[in-house]
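**Q** Model the structure of this input:
(2 chains)
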Protein chains: 2
Amino acid sequence: MKTHVAKQILLNHRPTGTPDSDTWKLAEKTLPPLQDSEFLVKNDYISVDPAMRGWIRDRSSYIEPVAIGEVMRALAVGTVIESRNANFPVGLVVEGRFGVTDYAISKGEMVRGIDTDIAPAPTWLGALGMPGLTAYFGLTEVGKVSPGDTLLVSAAAGAVGSIAGQIGKALGATVIGIAGGPRKCEWVKTTLGFDEAIDYKSPSFAKQLHAVAPNGVDVYFDNVGGPILEAALNNLALGARIVICGAIANYNAETPPPGPANYMSLLVKRASMTGFVVLDYEDRADEAIAQITDWMNEGVIHAADHVVEGGINAFPEALTQLFTGQNLGKVVLSVPN
Amino acid sequence: MKTHVAKQILLNHRPTGTPDSDTWKLAEKTLPPLQDSEFLVKNDYISVDPAMRGWIRDRSSYIEPVAIGEVMRALAVGTVIESRNANFPVGLVVEGRFGVTDYAISKGEMVRGIDTDIAPAPTWLGALGMPGLTAYFGLTEVGKVSPGDTLLVSAAAGAVGSIAGQIGKALGATVIGIAGGPRKCEWVKTTLGFDEAIDYKSPSFAKQLHAVAPNGVDVYFDNVGGPILEAALNNLALGARIVICGAIANYNAETPPPGPANYMSLLVKRASMTGFVVLDYEDRADEAIAQITDWMNEGVIHAADHVVEGGINAFPEALTQLFTGQNLGKVVLSVPN
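**A** Modelled structure (predicted):
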């Protein structure tokens, strides 16, 4: 049995505002020999997510914060290379919370085997992973999208938004995406097949939103909060459902920015705003994966994986890209052998 | 047939901030003779409501604004004293949108006969009127209160809040009221029978709220918005429902104040915030009235009518009292013969 030295990103310092180089510390750790029921995973792809900003805050939310000096929490797909656990034999490709590290020891908690014949490994962190499940349960269980609805999706070029809009189409809705800049809008319409895409950076954004949804929005899938949430509240149809999935616009703020001043639109429009956390649907993951796989096979859903090369060292930069809005689709970091 | 001169309050000027004497104009109008299908109502009690502030704004909400020079919109209970409509014979006691006037001509639209053997006339504007129906449908249809829930009600000494808390008790909830000042809190606990009442003006308000709802609030019935809504959002139980009924804290603001900065609690707590308008339940009014009547007969619900004397002239002052928080229960203006 070989000794493995893991290259890891540790949380060094809780950031004020946007994470920077001081936030992280690159470390090497010689891993101990495996204990009974443990196995060793070589990470192949590491998921890079906006939610990570919340995990490094000094307060618990729906999940405990990452401690200073701890390996940064991350979902990843990897391969079992040594094992003392019969359920996770050598060679199995697995998905789990292995962290920002090239090698991880696991006992199998919240780890599942994945089938790369169904889809390539990065897709198991995107369309078939947390983002896909978030979009699926947010739209079906919370937003209750039905055929004929007008669905508005913010951060439409992001990991969750890109799938949410496509699932909306599959469910029979007219789908409007909101994204930043013409490049993303073009991609959202052309590659992802949204009916409309509007640029929130455009001075005529509010006017455009009203123009593309003259009868109002039945479901708004909110990934961003801030002024875009206010714009959506100004354009609700009667009985609209706002699904609160995230608030990336606020994630780097030290004090929370003001909430939506026009939330009383909820009363005028008999509308609702509901938060949810995809972890609650863990036991129904198979259902969502099967459905999204079918849609992918039918060509209805395009899994948009955005692979960043460079291994563990490239993690800080990949995370920063999320907040500066450079990615199209789901960002994953590839980890070379 | 006698000629009637109606004394009326007209909207003279849209107020900036809180309505003042300049907002209103007292006028006298000689009413024309009745046409076919019309009847003449002598108003006995006029409802004075926080929602009136919204009706005199220069924009439509769930209802068109009152026009300048028009009789101020108000619900009222009165007696038919002349009639050319067989459905509304002389002597019938009726409730309808007769306005702030002592005499009104109606064709019977949205007018219903009421039975003062069941409850005195003012109660038909309170527990058995719009406030009671608002509380009933807000709690049962939107908040879905069930036995064992912890229910939080703001403006608990107000028209809607006072009934909402009592209906909450009848539905099996533990009920916490929020009101302004010790006199109101005492009244809410002692006279209305809420389990707890806390004073939002107290410096330890946030601490007290947490202390009386250590496991969080399952349903928050919000009549006020502003900082109290934020406090409620900080104290939600998992799966909580916030019922948005009104936002009296904001009604006199010229530009809407910031929304709840901590609305992302909805995500952490998998909670919802839903607006509603009681008019949507108009066709189920009888069901609510029958149920609330039963509860009143059983002594479970106490109709808290706050009758202001002084007739039409006293309307501006009665409305101001609502915003300065002087009333206990439902404010109605009595109109002498």
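**Q** The closest residue to A:Y263 other than its chain neighbours: how many residues sit nearby?
**A** Leaving out its chain neighbours, the residue that sits closest to A:Y263 by Cβ to Cβ, 6 or more residues apart in numbering or on different chains is B:G259, at 4.6 Å. (C-beta placed from N, C-alpha, C; glycine too.) B:G259 has 23 neighbouring residues, counting by other Cβ atoms under 10 Å in any protein chain shown.
**Q** How about A:S21?
**A** 11.
**Q** can you check A:T324 too?
**A** Count around A:T324 with other Cβ under 10 Å applied: 9.
**Q** again, but for A:Q35
**A** Count around A:Q35 with other Cβ under 10 Å applied: 10.
**Q** How about the contacts made by the residue nearest to it when sequence neighbours are not counted?
**A** Take A:Q35 and drop its neighbours on the chain: the residue closest to it by Cβ to Cβ, 6+ apart is A:R84, 7.0 Å away. Counting by Cβ atoms under 8 Å, 6 or more residues apart in numbering or on different chains, A:R84 makes contact with A:L34, A:Q35, A:D36, A:S37, A:E38, A:F39.
**Q** Quick one: residues contacting the third one.
**A** So the one you mean is A:D36. A:R84.
**Q** helix/strand/coil for it?
**A** With DSSP: H, G, I helix; E, B strand; the rest coil as the basis, the three-state label of A:D36 is coil.
**Q** Could you measure from it over to A:N85?
**A** According to Cβ to Cβ, to the nearest Å, A:D36 and A:N85 sit 8 Å apart.
**Q** Doesn't A:S60 lie inside a strand?
**A** No. Assessed by three-state DSSP, A:S60 does not belong to a strand; its assignment is coil.
**Q** any idea how far it lies from chain B?
**A** Taking Cβ to the nearest Cβ, to the nearest Å as the measure, A:S60 falls 9 Å from chain B.
**Q** Any stretches of chain A with poor pLDDT?
**A** A:1, A:249-252, A:254 (pLDDT under 70).
**Q** Spell out, range by range, the helices that occur in it.
**A** A:52-55, A:130-137, A:159-170, A:182-190, A:205-212, A:226-233, A:265-268, A:285-297, A:315-324 (DSSP state H).
**Q** what's the closest of those to chain B?
**A** For chain B, the closest of the helices of chain A is helix A:265-268, at 3.3 Å, according to Cβ to the nearest Cβ.
**Q** name the helices or strands packed onto that closest one?
**A** Counting by 3 or more Cβ pairs under 8 Å, 6 or more residues apart in numbering or on different chains; DSSP states H and E, the packing neighbours recorded for helix A:265-268 are strand B:272-275.
**Q** Chain neighbours aside, what residue packs nearest to the residue nearest the centre of chain A?
**A** Nearest to the geometric centre of chain A sits A:P131, at 4.1 Å (Cα atoms, centre = their mean). Spatial nearest neighbour of A:P131, excluding adjacent residues (Cβ to Cβ, 6+ apart): A:A159 at 4.0 Å.
**Q** Quick one: neighbours of that neighbour, just the number.
**A** If we define neighbours as other Cβ under 10 Å, then A:A159 has 32 of them.
**Q** which residues touch A:W187?
**A** Per Cβ under 8 Å, 6+ apart, neighbours of A:W187: A:A157, A:A179, A:L328.
**Q** mind redoing it with 10 Å?
**A** For A:W187, the contacting residues are A:A156, A:A157, A:S162, A:G177, A:A179, A:G181, A:F194, A:A197, A:A304, A:L328, A:G329, by Cβ atoms under 10 Å, 6 or more residues apart in numbering or on different chains.
**Q** which of those residues count as buried?
**A** When those are checked for burial by 16 or more other Cβ atoms under 10 Å in any protein chain shown, the buried set is A:A156, A:A157, A:S162, A:G177, A:A179, A:F194, A:A197, A:A304, A:L328, A:G329.
**Q** so the fifth one makes contact with A:S162?
**A** What that stands for is A:A179. Yes. Using Cβ atoms under 10 Å, A:A179 is in contact with A:S162, at 9.3 Å.
**Q** okay, and the common contacts of the two?
**A** Shared contacts of A:A179 and A:S162, counting by Cβ under 10 Å, 6+ apart, come down to A:V153, A:A155, A:A156, A:W187, A:V188, A:F194, A:L328.
**Q** Return the closest of the residues you listed with respect to B:R57.
**A** If you rank the shared contacts of A:A179 and A:S162 by distance to B:R57 using Cβ to Cβ, A:V153 comes first, at 32.5 Å.
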